[in-house]
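Undergrad: Predicted model and sequence follow; I will ask about them next.
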2 protein chains.
Amino acid sequence: MSSMENGAEVPAPAARAPKTPERAHPVTLRDVAEAAGVSTATVSLVVNKKKAARIAEETRRRVQDAIRTLGYRPNAMAKTLVSGTSRFIGLVADGVATTPFAGQIIHGAQDEAWKHGYALLIANTEGNGELEQDAIQMMLEYKVRGILYSTWFHRQTDIPAPLREAGFVLVNCFSNEPGTRAVVPDEVQGGRSATEILLGHGHRKIAFINATIPAPAKDGRLQGYREALEKAGVPFDPELVLEAYPDQEGGYGATSDLLTRGVSAVFCYNDRMAMGLYDGLREHGLSIPDDMAVVGFDNQEVIAAHLRPPLSTVSLPHYELGAAGVRMLLGLDGAPGTATDGVARINCPAVERTSVRAQAHA
Amino acid sequence: MSSMENGAEVPAPAARAPKTPERAHPVTLRDVAEAAGVSTATVSLVVNKKKAARIAEETRRRVQDAIRTLGYRPNAMAKTLVSGTSRFIGLVADGVATTPFAGQIIHGAQDEAWKHGYALLIANTEGNGELEQDAIQMMLEYKVRGILYSTWFHRQTDIPAPLREAGFVLVNCFSNEPGTRAVVPDEVQGGRSATEILLGHGHRKIAFINATIPAPAKDGRLQGYREALEKAGVPFDPELVLEAYPDQEGGYGATSDLLTRGVSAVFCYNDRMAMGLYDGLREHGLSIPDDMAVVGFDNQEVIAAHLRPPLSTVSLPHYELGAAGVRMLLGLDGAPGTATDGVARINCPAVERTSVRAQAHA
DNA sequence: GTGAAAGCGCTAACAG
DNA sequence: CTGTTAGCGCTTTCAC
């Protein structure tokens, strides 16, 4: 069973090791101190570039040489042990690593954390409660500075008990407990923006194909749609709001119903539905955007940017969600719309492509 | 800078804290020892369930009670400080968190690591060399057990110098230095499988739309295509191999060229090209799979499973790549095809959907 | 069975 | 300017 020893290890054991000394016993601060003929304190000072204590140039050089030749590498564990506080931020996700674009939450969190000198400790729990508990437990044991608790789609969530033992902020989800810090996409604004793209091109009869499954996105986007209409002085017509399962098949299936409404434009709950709708429309011999203008939601790159014609849509700001999450966790919110209830609603920017064209007779 | 104290913290400071004592000073082993009236050594023993030293039932109970009431939580830093070895595995990625499906590498690595008691420390470097150095540096300082170095698409890569200071394995990439451990998808087998799907349905004249950009995938899939053909006794015809940029537009653009070849089936370099080809074929009034059978590569969920008709394709085993990576790192390879050169080639399983139909006159 | 004591590698006063 | 000296929280001999 223990194969590989051969292929992997044998190749060139005799090669010279100029850079990496054969550290049988990892080099410590003390080793450096002895080599440089100074005390550990001094070494510590030069390693950490403390400006408070001035070190003689000559000494500093000796120490740095020793560090280089010995290949010294500080032990972060020891460092955080004494300082009491680690430089970790935990990210527990119920599936962001699994989902296509939600991985951006990780990316955003990682970038922002890094920017402030923190490393990301991640755990994907795939919705498994026990695993989740363990993961949080583990993070607590590593004395994380705080935990980001995120879900792969925007929804309400319960707060796992152990989470409360650390500072935490919910990302892409929220709690019904007042005052809980959270960062979520601004669905209402997103729905408004999507509708405004259509409105802006002169469309007045605009359908909205909503999702059948309940979610903050469902309510929020609908509300945004209504707000945009109202602001434009277009009366809201419930007849123009359809519902379908939020994927390609749902969008495709909604086609004939949609055509029944006599609209010139449609706002789809998400890009996947729009993709299905493209097929449906095409089968009816209709062309986009001339016969029907369409906008989606999510800005799911693989789809939106490459449909024919490319789809106008609204971005789900996953990267920002992650980044804003760590900012909030670290308590350095510069400006964003953190409402008084502790939840920040992140803007969903519109991205216009060519699936919308001006209405001939505005 | 220290805003937020208000919105986030104020809400209910007076609530009873039954579970979470107001630990002004985190509970330590010593605290527990004192509370239980035993020594720290004893507490350590019961915490770690050492079977060697038998503890009196009565003592054990006292200790466990103290642990519970004090809300004791071991300090992993201290633990690894003394043991010298941490339970971390580092994953540095040049963009897997960014890319739709490659996030599965993280997922697979995380699951497997967790299974063996390791936590994942990740860093997304977005191809930034300096950041990459820093990230590896950081991981080294945290005394990671080893590092997984991964790329978001399968390619050759250079080994960053600091990486050599730790155990490491390349994931989804490989080095030209012999003996370097790596885990990559088996492109050749994948190309073979894709072609065999078509062959299996009776097709003989099969085109292959390859990518224009050089990559192991380009060579491997082509080789697989040829091998499958040969095995089926179908002569290889260079005329049937086209090339196009590997995205929707490329696939779309290759349509007329393809139709020129008089084939009944086509194997596309990836799903995105297949998606574009669908549009092109449709515009020519052709239907899939009747007029043209098509298979893709990648099994990019959002696309492949929801095209009309759903696309037969071959999976890029990202999850497995990540999982196999940690297994190899930990040195517990059970069986997989780890060739003698230290690189494991992971199988790319075919997933058949309905974009292929049997040829009328086989 | 259980306690005392010596460190793991590093930082932080406080002397000199 | 630099060395001494305590620990940080935990594990681990080795006595009692």
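TA: On my side now, so go ahead.
Undergrad: and A:Ala93, how far is that from chain B?
TA: In this structure, A:Ala93 and chain B are 9 Å apart, going by Cβ to the nearest Cβ, to the nearest Å. Quick note: C-beta positions are derived from backbone N, CA and C, even for glycine.
Undergrad: Nearest residue to that residue in space, ignoring adjacent ones along the chain?
TA: Counting by Cβ to Cβ, 6 or more residues apart in numbering or on different chains, A:Ser150 is the residue found nearest to A:Ala93 once chain neighbours are left out, at 4.9 Å.
Undergrad: need the longest strand for chain A.
TA: Longest strand in chain A by number of residues, with DSSP state E as the criterion: strand A:146-156.
Undergrad: Can you mark which positions in stretch A:85-94 are buried?
TA: Of the residues in stretch A:85-94, those buried by neighbour count under the rule 16 or more other Cβ atoms under 10 Å in any protein chain shown are A:86-94.
Undergrad: Let's have those residues in TSV, adding pLDDT.
TA: As requested, those are arranged in TSV below (pLDDT from 0 to 100):
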residue	pLDDT
A:Ser86	89
A:Arg87	92
A:Phe88	95
A:Ile89	96
A:Gly90	96
A:Leu91	96
A:Val92	95
A:Ala93	93
A:Asp94	91
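Undergrad: Need the residue closest to the centroid of chain A.
TA: Computing the C-alpha centroid of chain A and ranking residues by Cα atoms, centre = their mean puts A:Ile105 first, at 1.3 Å.
Undergrad: Am I right that that one is in a helix?
TA: Yes. Secondary structure of A:Ile105 (DSSP: H, G, I helix; E, B strand; the rest coil): part of a helix.
Undergrad: still on that earlier bit, what is the nearest of the buried residues of stretch A:85-94 to DNA strand D?
TA: Checking the buried residues of stretch A:85-94 against DNA strand D with Cβ to the nearest atom of the strand, the nearest one is A:Ser86 at 11.4 Å.
Undergrad: Need the phi and psi values for the closest one.
TA: With angles defined as degrees, to the nearest 10, A:Ser86 shows backbone torsions of phi -90, psi 170.
Undergrad: now the buried residues of stretch A:85-94 as JSON lines including distance to B:Asn270 and secondary structure?
TA: Written out in JSON lines, the entries for the buried residues of stretch A:85-94 read as follows (distance: Cβ to Cβ, whole Å; DSSP: H, G, I helix; E, B strand; the rest coil):
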{"residue": "A:Ser86", "distance to B:Asn270": "42", "secondary structure": "coil"}
{"residue": "A:Arg87", "distance to B:Asn270": "40", "secondary structure": "coil"}
{"residue": "A:Phe88", "distance to B:Asn270": "37", "secondary structure": "strand"}
{"residue": "A:Ile89", "distance to B:Asn270": "35", "secondary structure": "strand"}
{"residue": "A:Gly90", "distance to B:Asn270": "35", "secondary structure": "strand"}
{"residue": "A:Leu91", "distance to B:Asn270": "30", "secondary structure": "strand"}
{"residue": "A:Val92", "distance to B:Asn270": "33", "secondary structure": "strand"}
{"residue": "A:Ala93", "distance to B:Asn270": "27", "secondary structure": "strand"}
{"residue": "A:Asp94", "distance to B:Asn270": "29", "secondary structure": "coil"}
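Undergrad: now, the most widely separated pair of those residues?
TA: A:Arg87 and A:Asp94 (25.1 Å; Cβ to Cβ).
Undergrad: And the helices in chain A?
TA: Along chain A, the stretches classed as helices by DSSP state H are A:29-36, A:40-47, A:57-70, A:76-83, A:103-115, A:129-141, A:187-200, A:216-231, A:248-253, A:255-260, A:271-283, A:301-304, A:318-330.
Undergrad: Could you dump the ones you listed into TSV with mean pLDDT and distance to DNA strand D added?
TA: Compiled in TSV, the helices of chain A are given as follows (pLDDT from 0 to 100; distance: least, Cβ to the nearest atom of the strand, whole Å):
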stretch	mean pLDDT	distance to DNA strand D
helix A:29-36	92	7
helix A:40-47	91	3
helix A:57-70	91	3
helix A:76-83	91	3
helix A:103-115	92	23
helix A:129-141	93	8
helix A:187-200	98	43
helix A:216-231	98	40
helix A:248-253	98	52
helix A:255-260	98	62
helix A:271-283	97	48
helix A:301-304	92	46
helix A:318-330	96	22
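Undergrad: Identify the residue of chain A closest to DNA strand C, quick one.
TA: Of all residues in chain A, A:Leu29 sits closest to DNA strand C, at 2.8 Å by Cβ to the nearest atom of the strand.
Undergrad: For A:Gly262, grab the count of nearby residues.
TA: Other residues near A:Gly262 number 10, with proximity taken as other Cβ atoms under 10 Å in any protein chain shown.
Undergrad: Over to A:Gly129?
TA: With neighbours defined by other Cβ under 10 Å, the count for A:Gly129 comes to 11.
Undergrad: show me the contacts for the residue of chain A closest to DNA strand C.
TA: Going by Cβ atoms under 8 Å, 6 or more residues apart in numbering or on different chains, A:Leu29 touches A:40, A:43-44, A:47, A:72, A:74.
Undergrad: Kindly report the same for A:Val263.
TA: The contact partners of A:Val263, taken as Cβ under 8 Å, 6+ apart, are A:205-207, A:240, A:292.
Undergrad: out of those, which are buried?
TA: A:206-207, A:240, A:292.
Undergrad: Now render these as CSV, adding distance to chain B.
TA: Rendered in CSV, the data for the buried ones among the contacts of A:Val263 read as follows (distance: Cβ to the nearest Cβ, whole Å):
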residue, distance to chain B
A:Ile206, 25
A:Ala207, 21
A:Leu240, 25
A:Met292, 17
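Undergrad: Of all pairs in those residues, which one is the farthest apart?
TA: Checking the buried ones among the contacts of A:Val263 against each other with Cβ to Cβ, the farthest-apart pair comes out as A:Leu240 and A:Met292, at 13.3 Å.
Undergrad: picking that back up, reformat the contacts of A:Val263 as a markdown table; add distance to A:Ala265 and pLDDT.
TA: Rendered in a markdown table, the data for the contacts of A:Val263 read as follows (distance: Cβ to Cβ, whole Å; pLDDT from 0 to 100):
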| residue | distance to A:Ala265 | pLDDT |
| --- | --- | --- |
| A:Lys205 | 7 | 97 |
| A:Ile206 | 5 | 98 |
| A:Ala207 | 7 | 98 |
| A:Leu240 | 10 | 98 |
| A:Met292 | 7 | 98 |
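Undergrad: so of these, which ones are in strands?
TA: A:206-207.
Undergrad: which of the contacts of A:Val263 sit farthest apart?
TA: Put simply, by Cβ to Cβ the two of these set farthest apart are A:Leu240 and A:Met292, 13.3 Å from each other.
Undergrad: Flag every buried residue along stretch A:343-351.
TA: Neighbour-count burial for stretch A:343-351 flags A:343-348, A:350-351 (criterion: 16+ other Cβ under 10 Å).
Undergrad: Just give me the neighbour total for the nearest residue to A:Asp158 once chain neighbours are set aside.
TA: Once its chain neighbours are removed from consideration, A:Asp158 has its nearest residue in A:Ser175; the separation is 7.2 Å (Cβ to Cβ, 6+ apart). The burial count assigned to A:Ser175 is 17, neighbours taken as other Cβ under 10 Å.
Undergrad: Then the one 5 residues further on?
TA: Burial of A:Thr180 is recorded as 18 neighbouring residues (other Cβ under 10 Å).
Undergrad: just to revisit the earlier point, the longest strand of chain A: how far from the chain's middle?
TA: Its chain's average C-alpha position is 10 Å from that of strand A:146-156, according to Cα atoms, centre = their mean, to the nearest Å.
Undergrad: cool, stretch A:216-223 as well?
TA: From the chain centre to the centre of stretch A:216-223 is a distance of 20 Å (Cα atoms, centre = their mean).
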